[in-house]
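**Student:** following is a predicted model, sequence given first.
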Amino acid sequence: MSEQGRPGIGKARTAEFIGSWRAALRIARREARRARGRTALVLSMIILPVLALTFVAVSVDMSRLTADERLDRQLAAADAELRSVSRASPITQSGNGDHWNVTVENDDETTEVPRPRSTQEIAALLPEGSHVLPVVRWLPITTWDDDQDRMHELSASVVDLTDPLGRGLAHIHAGRAPVGADEIAVNPAARRKLGVALGDQVNASNGRKSWTVVGVIEAPDQLSPAAILHPAGVPAGAMEIDSVFLVDLPGPLTTELFRHLNDHGVVVTTRTPAPPTEYDAAWRGGIGAREEVSLGVLIGGLGLLEVVLLVGPAFAVGVRRRRRELALVAVAGGDAAHLRRVVLADGVVLGTVGALIGIALGIGLAVAGRPLMEEFVFQHRFGGYRFWPTALVVIGLVAVLAGVLAALTPAWMAARQDVVAGLANRRTPPVHSRRWLVVGLLLAAGGAAVAALGAVVSSDSVTLAGLLVGELGLVFATPTLVGLVSRAGRFLPLVPRMALRDASRNRSSAAPAISAVMAAVAGSVAVGLLLASEQARDEQRFRPSLPDRSVLVWVEGAPGEHAPPTLAEITEPAREHLKARNIAPLMSTDCLLESDCLVTATLPPERACPWRSDQTLSEAEQLRARADTRCQGRPDDYFGLTFRVVVDDGSALPILTGAGPDQVAAATAVLRAGGAVLTDPRYVVDGRVELQVLRHLDEDRQEKVRTLEVPGHALHHDLDSKWLLLSQAAADRLGLVTRHTGWAIDSDSVADQEQQIRFNTAIRSLGPLGVQISDSHYRGGTLGGLLLLAGVSAVVTVGATASATGLAAAEGRADLSTLAAVGASPGVRRLLSLCQAGVIAVLGSALGIVAGLGAAMIILLSTNQRYVDTWPIEPPYPVIVPWITLGALVAVPLVAMVGAALFTRSRLPVERRMD
C-alpha cells in the first residue's frame, strides 16, 4: 500500500504546491492593482537599477568588437599587419598578436628600445612580390588657433589613403584624402574643435608647419578629435608612436613565414589563425580577470542589498495594511507556508514586472543613445546591434531576487501574526530578539577583519567582501538600535515622541529605510576619506620640475638647425606677459667627437645604495635596505634619473634651482673656479666631484670616454629634476661643445593660464620654441569625486526618507485621525512628518558616517602596515577627513526633513477607527 501510495502523495503535494503559488500570484496581482501608489513606488525602485544595468550591458556588448570586426578595421584589404618590437631577439606572441614577449637569452633584465625598422627592412623579411604600407596610428600633434589664441592637441594617423591597402581604413564624409605634405584631413570631432571647414588652414603650434584641410574623414576606431596626414606631411621632429606595416603577400601566410618573422622580432596579426604557441597557454591564466569578476559580483551584491533595503519598507507596510486579509487566509485553512507565499508572491510579481519593464526600457534607451555613446563615451563605432542575452537574463533574475528578498522579512512576520488580532485589524506588538543584535555585531566585526585582511594582501575583492559583510551586520543590528533610540522619546515633546514610537513599533519598515541611508552614506564617506587621503599622499610626494616663478624657453628641432631668439626679442614679451625680473642664457652641451653621448657625475660606491629598486627583493633584503642610511631617499632616486646638464656662470643657477642668496654665492664661486654644481649631495665628496662622458654603444651598453675631477658644490632642493651645472672651463676640459639653446626667466609671480597663452602667442613669431613653466603647486582632482559621492548619497538619503515617511504617513492615518479628534492643529501633521523623516535621515546618516569613517580607517591602517617593512620607502597614507562630503551629508537630513514637512498636507483626516 505504501509503495503504491507514494507516487500519488507526491503528485498531490506537487499539485498543492503549484496551486497555492498560483493562488498567491493571483492575490499579488490583485493587490498590485489595488495599492497602485505602493506598487508604483516599488516598481520605480526596481526599474531604475534594472534600466541602468541593461543600458550599460547592451552598450558594452555592442561596443565589443568580434574578432572578425576588429580584424576588418585593423587590416582593411591587407593580408597581415606587422609590428617590429625587437631587432636583436626573437619573440613569442599570442595567436591574435595582441600580446608578446621578447625572448632574452641572457640574464640582463634591461628593456630593449629598438630603433624602428624602415619599410625596406620589413620588405626584406617578406617573400618577393609583397607590398608594404607603413601606418602610424597615433601621432601627437599640437595646432595653434589664431582666432582663439590657444593650442589644441590632436591625435593624428599617418597613412597614404590612396594606396589600395589603406582605402578601407577610414570613411570619407566630405572632400578627399590628403595626397601631399601640405594637406590634412580631420574627423568630425576635430572639425568642431578647431572650427575649420574644407579649404581652411591648420597651423602647427611651433609655427614651422601648416596644412590645408582637404577632407573630413572618420576612422571608426577613433572618434575623438583626430586628423589624418600623408607620410610626407609629418612635421619635423614629431615622435612616431605605434608604427605598423600593412602587407599584401603574393601567397598565403605560411607557418614558416610566421616563425621567420617572430625570430626577427616581428609580431604578426592576420585573419588566418596563427600557429599555437606556449605564450597562448600562459596568457590564459586570467588572475586579473578573476579579480574583475569578483569585484563585479561584490559590487552587484552591494547594489542588490541597497535595492532590497529601499523596497523592503513598502512590503512591510503592505503586510500591515493586509492584516485582515491574511488572517482570513489563515482561517480558511492556510498555514504559515501559505501566508509566506502570499507575501513572497508580491515580490515575485513586482520583481518580474519591474525586470521586464526595466529591461525593455534599457534596451530601447541603449539603441536610441548608441550614436551618443559611440562618440562621447566609447569614442569608436560599435560593431553591430547585440543585446547580450546572458547578461539580460541575469539582470532579470537579480531583479526578481531583489523583490523576493525585500518581501522575505515581511513574509516571515506575516506567518507569525496573531489571527484574532488580524481579524480585528489590530496591531500586534512586535517581538524583537536580541540574537539579531548579536549576529549583527559579530558580522560587523568579522567584516572589519576581512576588509583589513584584504588591504594587507592588496586584494580589492577581499576588501569589498569584508565591507559587504560588515554592512550586513549593521543592517541586522539596526532594528535593535532603533528600539534603544526610541527610549529617549520619554524626554521629548509629544510629536517627536510619537515619531520615535512609530519607528520603534514599525521597525520592519523603518529599519530597512535607515539601513539604506546608512549604506549609501557609509560608502560615500569611506570612499571620500580614501580619495582625500590619497590626494594628500600624492601632494606630499609631489615635486615640481622647476622652482616657483621660473620659466624655460628653448629652441626645438635638431641641434644648430635654428638660432634662439636674442635677448632683446625675448625680453619684451617676457616682461610684458610674465612680469620677468631676471633673464639668463640657457647653455647646453654636445659632445665634440661622439655622436651620441651622456654627461653625468660619478656616484661614489660607498654612497650608492647596494640594492636596485627595479628588482624583486626578499623581505630580509628590504629590511636591510630600510636600515641602510644610503637607501633612505625617495623612490625616484633609485630609478636612474639622469642629470639635466647646462653650462652656467651662476646667472641661471637661481632660476633653475631656486637656491637662496647664500647658496648662490657659494655655488657661483665654485663655478668660477672651474668646478660643477649638483642638486644631489651624494655625488660631492670633500668638495670634489667626478664628471664623466659616456658613449652609447647600443641599446644596453655604454662606454666611458673621459673622466674629470673638479671642485664640486651640492645644493639642497626638492625639485623633480636633477641639475648638473658645469663651468665653461669644466666643459672645455671634458671636450664638450657649448651651444646657446634658450633662456631662463625669473618672473615676478606664477604665470596663470591666460598669461601663458599670451606669452606663447607673443613668441610664436620668434621660431620653433618650447616653453616650460613652473608647476610648483600640486593639482589634485578629487573635489569633483567628493561632490559626486555626496550627491549620490544625498539622492539615496532623500529618496529613502521620502518613501519611508510617506509609508509611515499612510500607515499612521488612524493616529492622525485621533489627533484631529482631540483638537490637534493642522500644523501637527507637518511637524510629525518632519520628525518621522528626521528619525530616518538623521539616524541613517549618523550611522553611515560612523561606519564609513571606521571602514576607511581600517583600510588605511592596514594599507600603511604594508609599507612598514618594504623598500623603497613609501610615505604612509594620512587620515584626512573629507569635510566637503561630511558637510553635504550633514545638510542632507535637514533638506529631507524640510521637504517632508512642505509636501505633507496639513489638513488632518477624520476617520473611524476599528481598534
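**Tutor:** That came through fine. Numbering: from 1, shown residues only.

**Student:** report the secondary structure state of the nearest residue to residue 890 once chain neighbours are set aside.
**Tutor:** Leaving aside its chain neighbours, residue 890 sits nearest to residue 845 (7.2 Å; criterion: Cβ to Cβ, 6 or more residues apart in numbering). Glycine gets a C-beta too; all of them are placed from N, C-alpha and C. Per DSSP: H, G, I helix; E, B strand; the rest coil, the secondary structure class of residue 845 is helix.

**Student:** now swap in residue 878 and tell me
**Tutor:** Under three-state DSSP, residue 878 falls in the coil class.

**Student:** what's around it, how many residues?
**Tutor:** For residue 878, the neighbour count with other Cβ atoms under 10 Å is 15.

**Student:** measure it to residue 885 for me?
**Tutor:** From residue 878 over to residue 885 the distance is 17 Å, taken as Cβ to Cβ, to the nearest Å.

**Student:** tell me where the stretch 651-800 of the chain has strands.
**Tutor:** Here the stretch 651-800 of the chain has its strands, by DSSP state E, counting those that start in this stretch, at 676-678, 688-696, 702-714, 723-726, 736-747, 769-773.

**Student:** looking at the ones you listed, which is buried most?
**Tutor:** Looking across the strands of the stretch 651-800 of the chain with neighbours counted as mean count of other Cβ atoms under 10 Å, the highest average goes to strand 676-678: a mean of 27.

**Student:** list the contacts of that one.
**Tutor:** Contacts with strand 676-678, where a contact means Cβ atoms under 8 Å, 6 or more residues apart in numbering, come from 601, 643, 648, 653, 667, 670-671, 684, 689, 691, 710-715, 722-727, 730.

**Student:** need the contact list for the residue nearest to residue 890.
**Tutor:** Neighbouring residues of residue 845 by Cβ under 8 Å, 6+ apart: 517, 518, 521, 797, 889, 890, 892, 893.

**Student:** return the helix or strand in this structure with minimum mean pLDDT.
**Tutor:** Least confident helix or strand, the chain: helix 278-283 with a mean of 49, by mean pLDDT, DSSP states H and E.

**Student:** ok, residue 771 - contacts?
**Tutor:** Contacts of residue 771 by Cβ under 8 Å, 6+ apart are 551, 552, 553, 756, 759, 760, 763.

**Student:** who's in contact with the closest residue to the second one other than its chain neighbours?
**Tutor:** Read that as residue 552. Spatial nearest neighbour of residue 552, chain neighbours left out: residue 772 (4.4 Å); criterion: Cβ to Cβ, 6+ apart. Residues near residue 772 by Cβ under 8 Å, 6+ apart: 545, 546, 551, 552, 554.

**Student:** and for residue 58?
**Tutor:** By Cβ under 8 Å, 6+ apart, the contact set of residue 58 is 362, 363, 366, 367, 386, 387, 388, 392.

**Student:** distance check, the closest residue to residue 49 other than its chain neighbours against residue 411.
**Tutor:** Nearest-residue entry for residue 49: residue 307, 5.8 Å, with adjacent residues in sequence omitted and distances by Cβ to Cβ, 6+ apart. Counting by Cβ to Cβ, the separation of residue 307 from residue 411 is 17 Å.

**Student:** one more: residue 541?
**Tutor:** Residue 541 sits 54 Å away from residue 411, going by Cβ to Cβ.

**Student:** between those two, who's got more neighbours?
**Tutor:** Looking at residue 541 and residue 411 with other Cβ under 10 Å, you find the greater number of neighbours at residue 411, namely 22 against 13.

**Student:** what's the host helix or strand of the more buried one packed up against?
**Tutor:** Element membership for residue 411 (DSSP states H and E) is helix 389-415. Counting contacts by 3 or more Cβ pairs under 8 Å, 6 or more residues apart in numbering; DSSP states H and E, helix 389-415 packs against helix 36-63, helix 287-321, helix 336-368, helix 507-541.
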